[in-house]
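> Here's my sequence, what's the structure:
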Amino acid sequence: MTDVATRLEAVRARVEQAGGDPGAITIVGAKPPDVDACRAAIAAGVVDLGENRAQELAAKAPEVDGARWHFIGRLQTNKVRSIARHVALWESLDRDDAIDAVAARAPGVEVLVQVNISGEPQKGGCAPAATRALVDRATGAGLRVVGLMGIGPEGDPEAARPGFRTLRGLADDLGLAVRSMGMTNDLEVAVQEGATMVRIGTALFGPRR
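You can find the predicted model right below:
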């Protein structure tokens, strides 16, 4: 994983070419393939690491020093207990029972409300119109809602632009600073539309095997 540092520079260059400030946008190393990859990312300066599977996070987190772990996947409430002590930012809260489960196991933790900005039923996230109510619900449960997260559709990166614009507008209306949007494929569009956090897997760690 000695290539992680080189790949990180390429990601930062892409951010800059898209008009963003690489120093102001948090790069989350998404789904690192193993513990060595986690350590390589941290050594390169990426301390924010994201997992979408609870069992992967639970296995890696105790072996890695210096990481700030994000949970970025569809949250199964029965998995919260196993990872709650490791997660610094829950990015995918999209319904009441997920809010309740996290609030019970990690009171006061930072969270993002996930919004379904693509309209695809297979993707997680609340409807845009339900965002304010869910933010209020999470805040009322004692969680610190710091922003919103959204996932663009697969395929043409430009297809993600309307959804990213929607997410930014919702975050602005709610006074939330964090806009977690954009991955390897649609990074530039996300930056142009106001991402403050991007979740990068393939471009940082290489293709999944």
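> Show me where this structure dips below the pLDDT cut-off.
Using pLDDT under 70 as the threshold, the predicted model of the chain has low-confidence ranges 1-2, 209.
> rerun at 80
Within the chain, the stretches with pLDDT under 80 are 1-2, 208-209.
> those strands in it, which residues are they?
With DSSP state E as the definition, the chain shows strands at residue ranges 26-30, 48-51, 68-71, 87-93, 110-114, 144-150, 178-181, 197-200.
> With only the CA atoms kept, save the fourth one in CSV.
What follows is strand 87-93, C-alpha atoms only, in CSV (Å, rounded to 0.1, in the frame of the first residue of the first chain):
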residue,chain,number,x,y,z
VAL,A,87,-17.4,5.3,15.5
ALA,A,88,-16.7,9.0,15.6
LEU,A,89,-19.2,10.0,12.9
TRP,A,90,-22.3,8.1,11.8
GLU,A,91,-22.9,9.2,8.2
SER,A,92,-26.0,7.2,7.3
LEU,A,93,-28.8,7.9,9.8
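> Pull the residues that contact that strand.
Strand 87-93 is touched from outside by 48, 50, 57, 68-75, 98-99, 102, 106, 109-114, 124-125, 134, 138, 143, 146, 149, 180, 199, with contacts defined as CB atoms under 8 Å, 6 or more residues apart in numbering. Yep, even glycine has a C-beta here, placed from its N, CA and C like the rest.
> Could you list the paired strands of that strand along with their orientation?
According to DSSP bridges, the neighbouring strands of strand 87-93, each with its direction, are strand 68-71 (parallel), strand 110-114 (parallel).
> Out of these, which is the most enclosed?
When the strands paired with strand 87-93 are scored by mean count of other CB atoms under 10 Å, the highest mean neighbour count falls to strand 110-114 (a mean of 27).
> and it, how far out from the chain's middle?
Distance of strand 110-114 from its chain centroid, counting by CA atoms, centre = their mean, to the nearest Å, is 9 Å.
> ok, back up a step: of all the strands paired with strand 87-93, which one is nearest Ala61?
Nearest to Ala61 among these is strand 68-71 (5.6 Å), distances taken as CB to CB.
> contacts for that closest one?
Counting by CB under 8 Å, 6+ apart, strand 68-71 makes contact with 28, 47-52, 54, 57, 61, 83, 86-92, 199, all of which sit outside it.
> Can you say which of those residues are buried?
A residue is treated as buried here by neighbour count (16 or more other CB atoms under 10 Å); on that basis the buried members of the contacts of strand 68-71 are 28, 47-52, 54, 57, 61, 83, 86-87, 89-92, 199.
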